[in-house]
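J.: here's a sequence, model it:
(3 chains)
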Amino acid sequence: MTKKHSSTIRDVALKAGVSETTVSLSFKPLSRVSDETRARILAIANELNYVPNSVAQSLRVGRTKTLGFIVNDITESFYSVMSRTATDTAYNYGYQLIYAENGWSPTKAIESTKSMLAQRVEGLILCLCEKEVTSIQLIESLRIPHIVVDTSPDFYKGPYVINNEFAIGELAGAHLIEQGCRNIGFFNASKDMASFSSFSQQLAGLKRAVGAAGISMQSKDNIFAGISIEDGAQAFKRLLERDIHYDGILCINDEVAYGVMQEAERRGLKVGRDLAVIGIDNLKTSSLDRVALTSIHMNYELMTTLAVSTLINGIESGHEITSRIVLEPELIIRSSSQLSR
DNA sequence: GGGTATCTGAGTTACCCCTC
DNA sequence: GAGGGGTAACTCAGATACCC
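T.: The predicted structure is shown next:
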């Protein structure tokens, strides 16, 4: 059985009665082929459903024009914004993208990285999970152009486009204080993830803003919830069962905030009166809920556009990428945090 | 069994040739 | 000599053949 699945440049050349060179050049505008010959070859190529083999092209020119994008968890909602923006931006530069996820695991991260390298990506966009040292060492040792997005772990010293995590906590804290909240809790990720630098910085920012109002947050106010709606609901439920009450809560993402709001409603608490809730990510659905969720908006479109264009410019120029860009968050105030008392 | 040479895939490109 | 076309070398890495 033959491995051949589609027409090749040879088939087109044979049928057109020209060389493979002439066929190849016919696909390049402004090349030396006459208009008449070009039109005839393109018509035959179309008739034979000929599509140039990008693997062979890459082999010859030594380039794949492909970027790899490794995310932490493909199911997280803001990655859909990032992946679409990355794909569109790369396409505008004539590049394509392939995706993988690290599942928040350094082991899986190294596997995903090796898989990307095996496919000869020319550059990598990385969402780094904490302790992902090995994959970064591999990428740096091979001098693969790369850029980190979203958040940057403390150990990472390379280029990035990230959010100002500290400002996220600070913005939320200042708003909660402004609403009259005096008993403020931070719904963090699960215990094993809560030490990640992004969450730590958010908590630090929150503490700073709350502290400025003369209120100090204790370690008990850092609640290990998780990252899902169910996690938020369960964590809130556990607090109520222990008779622990907060009047202001910052959640590490909108989904946890939804969980808190759902559980609060189930317990007869009115969000926006008894309790102010703020999420992070500003998902599209945040403004649609019965009680619209106040959330921290982070410009993932801008972040991704900057990262992809910076990476491609670095690849094309051959210069080392050194950009370290920090994007400022924006507080989108809705009814979940506007206390009417 | 290990090492080396050759082949394979499909397309690109440097260099050469032919014609008008 | 310009325009238009062809030949052959070349790309990489895995598979296969061959030799010692």
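
J.: and the lengthiest helix in chain A, average pLDDT?
T.: Ordering each helix of chain A by length in residues (DSSP state H) puts helix A:300-317 first. The pLDDT scores in helix A:300-317 average 93.

J.: over to stretch A:232-248?
T.: Mean predicted confidence for stretch A:232-248 is 95.

J.: what is the end-to-end distance of it?
T.: Across stretch A:232-248, the terminal residues are separated by 14 Å (CA to CA, to the nearest Å).

J.: how about it: buried residues?
T.: Neighbour-count burial for stretch A:232-248, with 16 or more other CB atoms under 10 Å as criterion, is recorded at A:232-233, A:235-237, A:239, A:246-248. Every C-beta, even on glycine, is put in place using the N, C-alpha and C of the backbone.

J.: can you list the residues that contact that stretch?
T.: Contact with stretch A:232-248 is made by A:176, A:179-185, A:187, A:221, A:223-226, A:251, A:255-260, A:262-264, A:267, A:274-276, A:278, A:337, A:339, as judged by CB atoms under 8 Å, 6 or more residues apart in numbering.

J.: name the next helix or strand following the helix or strand of chain A with the lowest mean pLDDT along the chain.
T.: Ranked by mean pLDDT, DSSP states H and E, the weakest helix or strand in chain A is helix A:54-61, scoring a mean of 79. Tracing the chain past helix A:54-61, the next element assigned as helix or strand by DSSP states H and E is strand A:66-71.

J.: now the buried residues of stretch A:232-248 as TSV including distance to A:I98 and secondary structure?
T.: Listed next are the buried residues of stretch A:232-248 as TSV, based on distance: CB to CB, whole Å; DSSP: H, G, I helix; E, B strand; the rest coil:
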residue	distance to A:I98	secondary structure
A:G232	33	helix
A:A233	36	helix
A:A235	36	helix
A:F236	39	helix
A:K237	41	helix
A:L239	43	helix
A:Y246	43	coil
A:D247	47	coil
A:G248	43	strand
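
J.: adding distance to A:T285, write those out as JSON lines.
T.: Conversion of the buried residues of stretch A:232-248 to JSON lines gives the following (distance: CB to CB, whole Å):
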{"residue": "A:G232", "distance to A:T285": "14"}
{"residue": "A:A233", "distance to A:T285": "16"}
{"residue": "A:A235", "distance to A:T285": "20"}
{"residue": "A:F236", "distance to A:T285": "19"}
{"residue": "A:K237", "distance to A:T285": "22"}
{"residue": "A:L239", "distance to A:T285": "25"}
{"residue": "A:Y246", "distance to A:T285": "24"}
{"residue": "A:D247", "distance to A:T285": "25"}
{"residue": "A:G248", "distance to A:T285": "22"}
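
J.: which residue does the stretch 151-300 of chain A have closest to DNA strand B?
T.: As assessed by CB to the nearest atom of the strand, DNA strand B sits closest to A:P159 within the stretch 151-300 of chain A, at 29.3 Å.

J.: with just CA atoms, put stretch A:92-102 into CSV.
T.: Output of stretch A:92-102 as CSV, limited to C-alpha atoms (Å, rounded to 0.1, in the frame of the first residue of the first chain):
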residue,chain,number,x,y,z
ASN,A,92,-1.3,37.7,10.8
TYR,A,93,2.4,37.1,10.9
GLY,A,94,2.1,33.9,8.8
TYR,A,95,2.6,31.6,11.7
GLN,A,96,0.5,28.8,13.1
LEU,A,97,0.0,27.6,16.7
ILE,A,98,-0.2,24.3,18.4
TYR,A,99,-1.5,23.9,21.9
ALA,A,100,-0.8,21.7,25.0
GLU,A,101,-1.5,21.9,28.7
ASN,A,102,0.7,21.2,31.7
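
J.: just the buried positions in that stretch, please.
T.: Buried residues in stretch A:92-102 (16+ other CB under 10 Å): A:95, A:97, A:99-102.

J.: does DNA strand B sit close to it?
T.: No - applying CB under 7 Å from any atom of the strand, one finds stretch A:92-102 separated from DNA strand B by no less than 13.1 Å.

J.: which of the contacts of stretch A:232-248 fall within helices?
T.: Per DSSP H, these map to helices at A:176, A:255-260, A:262-264.

J.: format the residues you listed as CSV; extra columns: neighbour count, distance to DNA strand C and pLDDT.
T.: Compiled in CSV, those are given as follows (neighbours: other CB atoms under 10 Å; distance: CB to the nearest atom of the strand, whole Å; pLDDT from 0 to 100):
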residue, neighbour count, distance to DNA strand C, pLDDT
A:L176, 30, 55, 97
A:E255, 23, 41, 92
A:V256, 31, 44, 95
A:A257, 30, 47, 96
A:Y258, 25, 47, 94
A:G259, 24, 47, 95
A:V260, 32, 50, 96
A:Q262, 18, 51, 94
A:E263, 21, 53, 95
A:A264, 22, 56, 95
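
J.: all the helices of chain A, residue numbers only.
T.: Taking DSSP H as the criterion, chain A carries its helices at A:9-16, A:20-26, A:35-47, A:54-61, A:78-92, A:106-118, A:133-141, A:165-178, A:197-211, A:229-241, A:254-266, A:300-317.

J.: ok, residues contacting the first one?
T.: In this structure, residues lying in contact with helix A:9-16 by CB under 8 Å, 6+ apart are A:19-20, A:22-24, A:40-41, A:44-45, A:48, A:50, A:52.

J.: who wins for most neighbours among the residues you listed?
T.: Using other CB atoms under 10 Å as the neighbour test, those are led by A:V23, with 27 neighbours.
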